[in-house]
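A.B. asks: Pasted the sequence and its predicted model underneath.
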Amino acid sequence: MAQLSTTNLTRQFCGRTRREFLWEAGAGFTAVALAGMLGDEFFARRVAAGEFVNPLAPKKPHQAPKAKSVIFLFMYGGPSHVDTFDYKPKLYDLDGKTIDVKTFGRGGHKNQGRVVGPKWKFKQYGDSAKWVSDLFPHMSGCVDDLAFLHAMYADSPIHGSAMLMMNCGRILSGHPSLGSWVNYGLGSVNENLPGFVVMLDKTGGPISGPKNWSSGYMPASYQGTVLRADATPIHDLEAPPGMTREAQRELLDHLREKNEEHLATRRDNSELAARVASYELAFKMQQHAPEAVDFSKENAKTLELYGIDQKRTADFGRKCLLARRLVERGVRFIQVYSGGAHNDDNWDAHTDIVKNHTQHAGETDKPIAGLLTDLKQRGLLDSTLIVWGGEFGRQPTAEYAEGTGRDHNAYGFTMWLAGGGIKGGVSVGETDELGSTGVKDRFHVKNLHATILNQMGLDPNRLSYFFSGLDQKLVGVEGAEPIKQII
């Protein structure tokens with residue numbers, strides 16, 4: 001077999017990292033020897049040479065995508081499936097009775113519990129005759145566009161680790177979030193806005209905080225950017241008084257030149273590389289981010305559709321409308337939180353299920369239905385994947401001796417998806433007659449993640465990032481399959 005000369009190898013692979021060089025050169029004897037002689041600094045300098053490369057430049061998907069964007073409506077705290085979308089008529093008659101049932105939540109493992117019957121009536125809606133509680137008078141009209149997963153399960157019934165599981169695929173911190181994986185796999189089609197946007201509840205962020213939208217061991221440029229659905233979408237974004245865009249551009253060019261010189265021998269410093277990218281993105285967002293949150297061109301009918309004309313629904317309605325506007329502008333992944341901080345500031349109904357869920361459902365029902373309706377009438381629902389759910393569900397039994405509060409339930413809970421190539425009007429999976437655990441077509445959080453990646457054109461078992469000696473994946477090194485029943 002003909003040997004490649006060192007001169008040709010150097011010329012051919014001078015823009016590669018050491019790992020890419022060995023892979024593409026076939027890791028032959030000559031390539032290994034040359035890589036050893038050149039050393040890491042050679043590859044670092046060659047990669048750094050030339051013009052700045054946007055780490056969020058668009059990338060080709062593994063397969064034809066069904067969706068272009070994801071909007072994850074995160075009901076932080078754990079909404080009760082048996083009070084919302086998982087109809088369990090037997091619970092009404094058992095209300096107040098102590099029964100044998102295995103549960104595991106914040107209060108630990110239990111073998112008995114006092115049943116709390118559903119506090120709302122259920123009715124059937126749509127051609128699919130889907131049972132939905134009176135908590136959602138607006139969303140109930142959209143059921144034929146929704147695919148319900150009634151036997152989801154996760155690894156932890158504790159908020160912090162369960163949040164990380166739902167957002168990052170692991171119960172431990174330090175791993176990239178779902179939005180970061182999408183950013184990494186596909187890049188962004190809009191260089192003027194972040195590829196991954198997070199909108200928090202007005203009461204604050206969820207437990208674990210920024211770990212839920214972190215890029216983990218990936219370069220920091222893939223992490224989420226927190227936006228606000230008000231006149232100031234990003235704080236501290238405006239230029240100092242008297243600074244013109246021309247002067248700012250010249251300053252940034254000089255700063256980038258110095259940063260890239262420093263980065264040339266430090267290519268593993270993802271924080272510095274991300275800082276270079278963030279300066280460029282911030283400069284562009286100064287001009288384009290205010291336009292994205294400018295609702296002045298939205299008509300009164302649209303604002304009413306999202307509930308922005310009502311105090312109760314205005315806050316979440318603005319976030320849902322901004323999510324639609326970001327989708328229109330090419331943002332890949334948008335996460336909108338309902339609920340923040342602790343206790344009844346989120347869906348974590350430990351004491352009074354009626355007070356808690358009435359508040360949070362009332363704030364979100366109309367805006368979410370408005371989002372689905374608006375996307376559909378604009379022809380955007382087919383290319384936008386909507387995901388609704390929390391980090392887990394709630395138990396059919398009371399947590400305390402008195403009251404209607406429910407403890408956490410990671411054994412079986414409900415989520416739904418819509419748009420982006422998902423079948424509408426279907427329900428997959430079942431919990432037992434009490435709603436305490438999944439018994440049919442159970443799907444792990446990793447299967448949900450695999451489904452989202454699949455709809456975005458990414459093979460969940462091929463999308464990987466080399467770290468700590470392994471080709472790491474969102475779905476774990478063991479892999480996971482999409483939920484084919486809803487695709």
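C.D. replies: Alright, I've got the coordinates.

A.B. asks: Find me whatever residue is spatially closest to Gly169, sequence neighbours aside.
C.D. replies: Leaving aside its chain neighbours, Gly169 sits nearest to Leu474 (4.8 Å; criterion: Cβ to Cβ, 6 or more residues apart in numbering). In this view, the C-beta of every residue, glycine as well, is placed from N, C-alpha and C.

A.B. asks: ok, now which ones touch that neighbour?
C.D. replies: Cys168, Gly169, Pro176, Leu178, Trp181, Lys446, His449, Leu453, Pro460, Leu463 (Cβ atoms under 8 Å, 6 or more residues apart in numbering).

A.B. asks: The first one: how many residues sit nearby?
C.D. replies: I take that to be Cys168. Other residues within reach of Cys168 by the criterion other Cβ atoms under 10 Å amount to 27.

A.B. asks: So what does it look like in phi/psi?
C.D. replies: Per-residue torsions, Cys168: phi -120, psi 0 (degrees, to the nearest 10).

A.B. asks: and which of the contacts of Leu474 is nearest to Asp95?
C.D. replies: Asp95 lies nearest to Lys446 out of the contacts of Leu474, by Cβ to Cβ, at 35.3 Å.

A.B. asks: residues near the closest one, how many?
C.D. replies: 22.

A.B. asks: try Gly330
C.D. replies: Count around Gly330 with other Cβ under 10 Å applied: 16.

A.B. asks: Tell me which stretches of the stretch 251-400 of the chain form strands.
C.D. replies: Using DSSP state E, counting those that start in this stretch, the strands found in the stretch 251-400 of the chain span residues 333-338, 384-389, 393-398.

A.B. asks: Show me what the last one is packed up against.
C.D. replies: By that I understand strand 393-398. In terms of contacts (3 or more Cβ pairs under 8 Å, 6 or more residues apart in numbering; DSSP states H and E), strand 393-398 is packed against strand 98-105, strand 108-114, strand 406-409, strand 413-418.

A.B. asks: repeat that with 7 Å
C.D. replies: With contacts taken as 3 or more Cβ pairs under 7 Å, 6 or more residues apart in numbering; DSSP states H and E, strand 393-398 sits against strand 98-105, strand 108-114, strand 406-409.

A.B. asks: now swap in the second one and tell me
C.D. replies: Using 3+ Cβ pairs under 7 Å, 6+ apart as the contact definition, the elements that strand 384-389 packs against are strand 69-75, strand 413-418, helix 445-455.

A.B. asks: and Gly205, which of the ones you listed is closest to it?
C.D. replies: When the helices and strands packed on strand 384-389 are ranked by proximity to Gly205 (Cβ to Cβ), strand 69-75 comes first, at 11.1 Å.

A.B. asks: what would the helices and strands packed on strand 384-389 look like in CSV with mean pLDDT and distance to Leu322?
C.D. replies: Shown next, in CSV, are the helices and strands packed on strand 384-389 (pLDDT from 0 to 100; distance: least, Cβ to Cβ, whole Å):
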stretch, mean pLDDT, distance to Leu322
strand 69-75, 98, 10
strand 413-418, 98, 19
helix 445-455, 98, 21
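
A.B. asks: Out of the ones you listed, indicate the one that is most buried.
C.D. replies: For these, the largest average neighbour count (mean count of other Cβ atoms under 10 Å) is found in strand 413-418, namely a mean of 26.

A.B. asks: coming back round to it: for Ala292, which of the helices and strands packed on strand 384-389 is the nearest?
C.D. replies: Closest among those, using Cβ to Cβ: strand 69-75, at 13.7 Å.

A.B. asks: quick one: contacts of the closest one?
C.D. replies: Here strand 69-75 makes contact (Cβ atoms under 7 Å, 6 or more residues apart in numbering) with 182, 323, 327, 331-339, 347, 368, 384-390, 452, 456.

A.B. asks: Apply 6 Å and report the result again.
C.D. replies: 323, 327, 332-338, 347, 384-388, 390 (Cβ atoms under 6 Å, 6 or more residues apart in numbering).

A.B. asks: same for the longest helix that the chain contains, what does it pack against?
C.D. replies: Longest helix of the chain, by residue count under DSSP state H: helix 353-377. Helices and strands touching helix 353-377, by 3 or more Cβ pairs under 6 Å, 6 or more residues apart in numbering; DSSP states H and E, are helix 311-328.

A.B. asks: let's go with 10 Å and repeat that
C.D. replies: Applying 3 or more Cβ pairs under 10 Å, 6 or more residues apart in numbering; DSSP states H and E, we find helix 353-377 packed against strand 69-75, helix 300-305, helix 311-328, strand 333-338, strand 384-389, strand 393-398, strand 406-409, strand 413-418.
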